[in-house]
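# requesting a structural model of the entry that follows:
(one chain, ligands or ions: 1)
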Amino acid sequence: MLIDGMTMQTHYLQDLVTVADPTNEASFLNYLSETGRLQTFITQERNTIPRTEYNRYLRWVVESLSTVKFGHRVSDVTADEEGYVVTVESNGQTTQLRAVHVVLGTGMTPLVPDGFEQVIHTSEYMTYRDVLKDKYRVGVVGSGQSAAEVFLDLLRDATDEQRVDWITRSDHFESLEAGKLGDEIFSVDYVRYFHSLSYSSRQALLGSFERFRHGVNPETMTAIYETMYHRTAEGGPTGQQTQLLTQVEVEAITYDWLTHQLTGKHVYTGEAVERTYDLVVVATGYRPLLPSWIDRLPIVWEAEDAWRVSETHEVQMEEKLSGKLFTHTNIEHSHGPAATNLGMAVYRNAIILNEMAGETLYKVSVQKPFTTF
Ligand SMILES: Cc1cc2nc3c(=O)[nH]c(=O)nc-3n(C[C@H](O)[C@H](O)[C@H](O)COP(=O)(O)OP(=O)(O)OC[C@H]3O[C@@H](n4cnc5c(N)ncnc54)[C@H](O)[C@@H]3O)c2cc1C
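Purely as a prediction, here's the structure:
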């Protein structure tokens, strides 16, 4: 979601390469230097960068890589005695490639709860942004970073007559800030510790990471507060039409005659909540996108949808295959909250490359946090 003015949740050095390979030419600092932005970047003295700039940086890196193919869909992968056969569809043509090992990075797919009719998931926000900004009553459901960015974006342009509500079942609107020691869970040492625990302990621990998974950037929170403050500065009803509701479990959103009826209840009092909107944006998250071809592999599952993955990101098989299947996808249960952190993705790549090469190409283990896990 590339809304102007929004920033990444990660440090600018958590780019595609730096934490594993600081002298790599695909670094963000090299991008700044090559595009003539290094000096202004230094002068602005910030550790986080605009999402739009991160997007431009990614495009700049891709331009130098002939191995990255867009518009190619992998439709099948089969294992044989020499590794894998990968079937690729592009422009109506099918080709087959051979691979010794395969790395899965199919990412996530939007998750919309049953009973939410005709809503707009945040992944579609930019497509419907102008339509949403014309509506008089808009509800935003959820309280993570995406919800906060959408709420702020709509609120900034809303006229006095327009109403934008923000509704979450969380106890409060939570900030991402965990302090520097708290942030040390985004380290190779922590991932190793998390991975060594039993499945049930890992599940229990994941529940305590809500702030890291769903917390909002402090600066986004400040911007929201300031926007609300300015909207109400003149007194009267201005801006007060907008409501922020916490501890409200939304149970259904029904659609009829161009309006959406939201129904739910207060988590603690049980009181019924009903609101009518012209459109509703839901920030209800994502689930891992797993391709159907994995069903043909003899994968070891530790629970439904939770495959057993080694510390080095190899999907475990009931029987030995000639090639390995590594994964970035569907690893929150095995590798913890770092599973969706872009900085940690670089370590993951380094670990996987070391495994494939059978030697230490990147010294991942030398990075030590202060906390002993
Ligand atoms: C709105 C939003 C904001 C975020 N902001 C941050 C942030 O600030 N900091 C941070 O650390 N993390 C952030 N994250 C999380 C981070 O973006 C993800 O964890 C990360 O992108 C995962 O990378 P990935 O390569 O595994 O998957 P993805 O980035 O999801 O990429 C998966 C790719 O696989 C392709 N694909 C899928 N199936 C096939 C197929 N069959 N054939 C070929 N290609 C296929 C898809 O087209 C896609 O390009 C954010 C996530 C979202 C949704």
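
# so which residues of the chain form helices?
With DSSP state H as the criterion, the chain has helices at 28-34, 38-44, 51-63, 125-133, 145-157, 179-182, 188-196, 199-206, 210-214, 218-232, 332-335, 342-357.

# lowest-confidence helix or strand of this structure?
Every helix and strand of the chain was ranked by mean pLDDT, DSSP states H and E. The lowest is helix 210-214, at a mean of 76.

# can I get that helix in PDB, CA atoms only?
Below are the C-alpha coordinates for helix 210-214, written out as PDB (Å, rounded to 0.1, in the frame of the first residue of the first chain):
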ATOM      1  CA  GLU A 210       0.600  -8.800  19.300                       C
ATOM      2  CA  ARG A 211       2.400  -5.400  19.600                       C
ATOM      3  CA  PHE A 212       5.100  -6.400  17.200                       C
ATOM      4  CA  ARG A 213       2.700  -8.000  14.700                       C
ATOM      5  CA  HIS A 214      -0.100  -5.400  14.900                       C
END
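
# does that helix reach the ligand?
No - against the ligand, helix 210-214 shows no contacts by Cβ under 6 Å from any ligand atom, the least distance being 10.2 Å. Using the backbone N, CA and C atoms, a C-beta is placed for each residue, glycine as well.

# and that helix, what's buried?
Judged by neighbour count (16 or more other Cβ atoms under 10 Å), helix 210-214 contains these buried residues: 212, 213, 214.

# a markdown table please, covering these and showing distance to residue 251.
Shown next, in a markdown table, are the buried residues of helix 210-214 (distance: Cβ to Cβ, whole Å):
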| residue | distance to residue 251 |
| --- | --- |
| 212 | 27 |
| 213 | 23 |
| 214 | 20 |
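
# so for stretch 58-67, what's the average pLDDT?
Averaging pLDDT along stretch 58-67 yields 96.

# no wait, stretch 34-51
Mean predicted confidence for stretch 34-51 is 96.

# residue 167 against residue 138, yeah?
No - taking contacts as Cβ atoms under 8 Å, residue 167 lies outside contact range of residue 138: 11.1 Å.

# which residues touch stretch 50-70?
Residues outside stretch 50-70 that contact it (Cβ atoms under 8 Å, 6 or more residues apart in numbering) are 1-8, 15-16, 26, 28, 31, 34-35, 90.

# near the ligand too, which of those residues?
Contacts with the ligand are made by 1, 8 out of the contacts of stretch 50-70, judged by Cβ under 6 Å from any ligand atom.
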